[in-house]
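1. After the sequence you'll find the predicted model.
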Amino acid sequence: MTQELTGRVVVITGGARGIGRATAERLAAAGCTVVLGDLDAALAATVAKAIGRGAVSAELDVTSAESWRTFLAATSEAGPVDALVNNAGVMPIGSLLKEPDEVTRTIVDVNLHGVIHGTKAVVPGMVERGHGHVVNVSSAVGRVAVADGATYSASKFAVVGFSEAMRSELRPQGVDVSVVLPTVVQTELSVGVPAAKGVRPVTADDVAKVIEQVLRKPKAEVWVPRWSQAIVKVTGALPRGVQDAVSRAMGADRVFKAADSSKREAYEERARRS
């Protein structure tokens, strides 16, 4: 059953860049009031002003429960939240054995704890009103692990599991939970990372379009591009040795290892600082 978006209030984390910004622009055009949360408060304010249509923003550190409370208070003028898009994420990549402990904590804190904190902060209001929708942005590597991205992949696997558990928990209370799994997206986060053979890199707006579609018609799990899910399901039914051979043939097992470190230098530095 398709749902109307006009007039709905949607909180988007990581809303100042990439998928978050593209989602905010698309949902605002569809009639939503978008609420942008981002660690870069100045950029989020600039984006909200550019979007117009009642968009508001405030600083948000998704890893902090207190920051969530402050953020929701600061943006309460938008009204009760109808949907939450947990999009904020970081992707430092490289060998786990060389990964500093603070980087490991950052990845898990932003990618997993950020989703959990957001759910705890926003969903009680949805439950009280008897309706709402949470969309968690995971990744294709949240279903198919890739070398040189162990912590990132683990955090995204956790988001998938968390989404499935919360879907069962919240469905009886009128709240939908969806998880979106993009392949390599052409944003700063994946700069320098090659796509697997035969898999076209998607844009931030490609992902935003799917998020909009999921908000209109809730689904449990959606991949971007959608056909990539079929590949994973088919290969997942094969013996492990065949799965590994397919992965090698597509180059999927080397996408992080083959990343251009010179192109990723600026992003890696900012992500590790976050």
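-> Yes, it's here.

2. Could you measure from residue 55 over to residue 11?
-> 11 Å (Cβ to Cβ, to the nearest Å). (C-beta placed from N, C-alpha, C; glycine too.)

3. who's more crowded, the two?
-> Each of residue 55 and residue 11 has its neighbours counted (other Cβ atoms under 10 Å); residue 11 has more, 28 against 24.

4. Pop out the phi and psi values for the more buried one.
-> phi -90, psi 130 (degrees, to the nearest 10).

5. one step back: okay, and the common contacts of residue 55 and residue 11?
-> Common neighbours of residue 55 and residue 11 are listed as residue 35 (criterion: Cβ atoms under 8 Å, 6 or more residues apart in numbering).

6. what's the average pLDDT for the longest strand belonging to the chain?
-> In the chain, with assignment by DSSP state E, the single longest strand is strand 175-182. On average, the pLDDT along strand 175-182 is 98.

7. Tell me how far it lies from the chain's centre.
-> Put simply, strand 175-182 sits 9 Å off its chain's centre (Cα atoms, centre = their mean, to the nearest Å).

8. Could you do stretch 116-128 as well?
-> 17 Å.

9. Name the residues that touch that stretch?
-> Contacts for stretch 116-128 (Cβ under 8 Å, 6+ apart): 11, 13, 62-65, 68-69, 72, 80-82, 84, 86, 132-134, 162, 166, 170, 173-175.

10. Could you turn the buried ones of those into a PyMOL selection?
-> Only the buried entries of these go into this PyMOL selection, using 16 or more other Cβ atoms under 10 Å:
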select buried, resi 11+13+62+63+68+72+81+82+84+86+132+133+134+162+166+170+175
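
11. now the helices for this protein?
-> 18-29, 41-51, 65-74, 101-108, 114-129, 150-170, 204-216, 227-236, 240-250, 261-273 (DSSP state H).

12. pLDDT below threshold where in the protein?
-> When residues are selected by pLDDT under 70, those of the chain lie in 246, 251.

13. just to revisit the earlier point, which other residues reach the longest strand of the chain?
-> Residues outside strand 175-182 that contact it (Cβ under 8 Å, 6+ apart) are 19, 123, 126-127, 131-140, 142-143, 159-160, 163-164, 166-167, 170-171, 202, 206-207, 210-211, 214, 218-224, 229.

14. Quickly run through the sheet partners of it, with directions.
-> strand 132-137 (parallel), strand 221-224 (parallel) (DSSP bridges).

15. From those strands, pick the one with the highest average neighbour count.
-> strand 132-137 (a mean of 25; mean count of other Cβ atoms under 10 Å).

16. Residue 225 versus residue 179, what's the distance?
-> Taken as Cβ to Cβ, the span from residue 179 to residue 225 is 16 Å.

17. Looking at those two, which one has more neighbours?
-> Taking neighbours as other Cβ under 10 Å, residue 179 and residue 225 compare with residue 179 leading, 29 against 16.

18. how much space between residue 240 and residue 247?
-> For residue 240 relative to residue 247 (Cβ to Cβ), the value is 10 Å.

19. Would you mind giving the helices of the chain as JSON lines with distance to residue 5 added?
-> Shown next, in JSON lines, are these (distance: least, Cβ to Cβ, whole Å):
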{"stretch": "helix 18-29", "distance to residue 5": "7"}
{"stretch": "helix 41-51", "distance to residue 5": "15"}
{"stretch": "helix 65-74", "distance to residue 5": "21"}
{"stretch": "helix 101-108", "distance to residue 5": "32"}
{"stretch": "helix 114-129", "distance to residue 5": "16"}
{"stretch": "helix 150-170", "distance to residue 5": "20"}
{"stretch": "helix 204-216", "distance to residue 5": "6"}
{"stretch": "helix 227-236", "distance to residue 5": "24"}
{"stretch": "helix 240-250", "distance to residue 5": "36"}
{"stretch": "helix 261-273", "distance to residue 5": "31"}
